[in-house]
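Engineer: Could you look at this predicted model? Sequence included:
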Amino acid sequence: MDSALVQLSFALPSSDDPMCAALAHTVEYEQLHFIADEQNRVVFCCVLPDDAHQGDVISISATHPDARESAYFTAHTLTQNDLEQHVIMLTLNDVTHSGEFVLQLMLHGKHATLKDSAQFDVSLAASSCTAENLTKQQDKAQSLRHYISSIGASFLAFF
């Protein structure tokens, strides 16, 4: 089973675009779902920000929401070639546990100073997890979102 390549970016919607600025508070981000490949890996294509420099360290960590330490982590020191390509491939290895995680994409500069970061809610599935189980998890999450939306709409209807 091959997993799709995912592109992650530090960029947020532009504040210069009036439509993006007007809708920024209403954007609901869907949870991202990933299935590890046969080698128990999840590969991410990360777009480098404009302030990335040679020698900076870009990293990804996946942490359970109630944990203190990351379950999966990878880091890469940027080279001139990476900067010219403007993207870097990062791989989480040994993904053997399925579940909900907080994925953090971070760029550290000189003296380990945090330059950029982005955070995503993700669902990781080990390669032994079937697509059917992942679909059931997605349907369950979608049902909960619809239920909460309908309660909110009902509540607002009273006013």
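Structural biologist: The structure has been received and is ready for your questions.
Engineer: List the buried residues of stretch 40-57.
Structural biologist: 42-44, 46, 48-49, 52, 56 (16 or more other C-beta atoms under 10 Å). Yep, even glycine has a C-beta here, placed from its N, CA and C like the rest.
Engineer: And for stretch 110-130?
Structural biologist: In terms of neighbour count (16+ other C-beta under 10 Å), stretch 110-130 has its buried residues at 115-116, 118, 120, 122-125, 127, 129.
Engineer: tell me the strands in the protein, going along the chain?
Structural biologist: Remark: strands assigned in the chain by DSSP state E are 6-9, 32-35, 42-47, 57-63, 72-77, 87-92, 99-108, 114-125.
Engineer: Packing partners of the second one?
Structural biologist: To tie it back to what came earlier, the one meant is strand 32-35. Packing partners of strand 32-35 (3 or more C-beta pairs under 8 Å, 6 or more residues apart in numbering; DSSP states H and E): strand 114-125, helix 131-157.
Engineer: mean pLDDT lowest for which of these?
Structural biologist: Mean pLDDT values for the helices and strands packed on strand 32-35 show the minimum at helix 131-157, a mean of 58.
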